[in-house]
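1. curious how this folds, go ahead:
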Amino acid sequence: MKTSKIILIGALLFTLVSIKALANVDSETETASKALGAKMTSEISFDEGQTNLSDSAKEDIRSLIKDAKEKGNIDELKVAVWADREYPTKDTKASKADIDLAKKRADNIKSFIKSEMKVGSVNTYNMTERPNALQKFLRTSDSKVKSTMEASGSAPRTSEETGFFGQKSKASKAVIMVYTR
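-> As a prediction, this is how the structure comes out:
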């Protein structure tokens, strides 16, 4: 009897995690994007160490842009991009390799969106770097996006913040936020 209850609970947990994965964006990311004024949000993944968009990532972006265009004119896209690790904790510096990896990913996403999807305004945010003091003081877009995502829990910094099965992890991912008129 105990074994069947354990199996049932395990199956239920697996189902809940699977349903959450189908939602594409966790509630913390959805909260942050709404707080930043985005109308739609999606998340894509990269293979570890890779910078090129996979076919499924391209299809996710195409679908997002198509849906957004059906709902109105796209004003801007904001894309938060991670390397293969979580958002850095305070007083932690990212390696040059991590910064470059996230930058190359961001450049590839931006290039794809501008050239194939014909969206003019695409701003990227390298989530391997925290905003500096001047950016915080001036309340730059970079600072606002990163601070909002961190405060909502959508930019986890440690494995403890990524959830029981790592479902909130942003390592090797990008969050695409759509702003419409």
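
2. now the helix or strand Lys146 falls within, how far from the centre of its chain.
-> Assigned by DSSP states H and E, Lys146 belongs to helix 141-152. Averaging C-alpha positions (C-alpha atoms, centre = their mean, to the nearest Å) puts helix 141-152 12 Å from its chain's average.

3. next, the buried residues of that helix.
-> Of all the residues in helix 141-152, those buried under the rule 16 or more other C-beta atoms under 10 Å are 142-150, 152. All C-beta atoms are positioned from the backbone trio N, CA, C, and that covers glycine.

4. please apply the same query to stretch 80-90.
-> Neighbour-count burial for stretch 80-90 [16+ other C-beta under 10 Å]: 80-88.

5. distance from stretch 118-134 to the middle of the chain?
-> Counting by C-alpha atoms, centre = their mean, stretch 118-134 comes out at 12 Å from the chain centroid.

6. outside of that stretch, which residues touch it?
-> Residues from elsewhere that reach stretch 118-134 (C-beta atoms under 8 Å, 6 or more residues apart in numbering): 65, 74-83, 85, 87-88, 90, 92, 94, 98-99, 101-103, 106-107, 109-110, 113-114, 140-143, 145-147, 149, 155, 170.

7. now intersect these with the strands, please.
-> 74-81 (DSSP state E).

8. can I get these in a markdown table including pLDDT and distance to Glu59?
-> Below are the ones in strands among the contacts of stretch 118-134 laid out as a markdown table (pLDDT from 0 to 100; distance: C-beta to C-beta, whole Å):
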| residue | pLDDT | distance to Glu59 |
| --- | --- | --- |
| Ile74 | 96 | 18 |
| Asp75 | 96 | 23 |
| Glu76 | 97 | 22 |
| Leu77 | 98 | 17 |
| Lys78 | 98 | 20 |
| Val79 | 98 | 17 |
| Ala80 | 97 | 20 |
| Val81 | 98 | 18 |
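
9. buried subset of these?
-> 74, 76-81.
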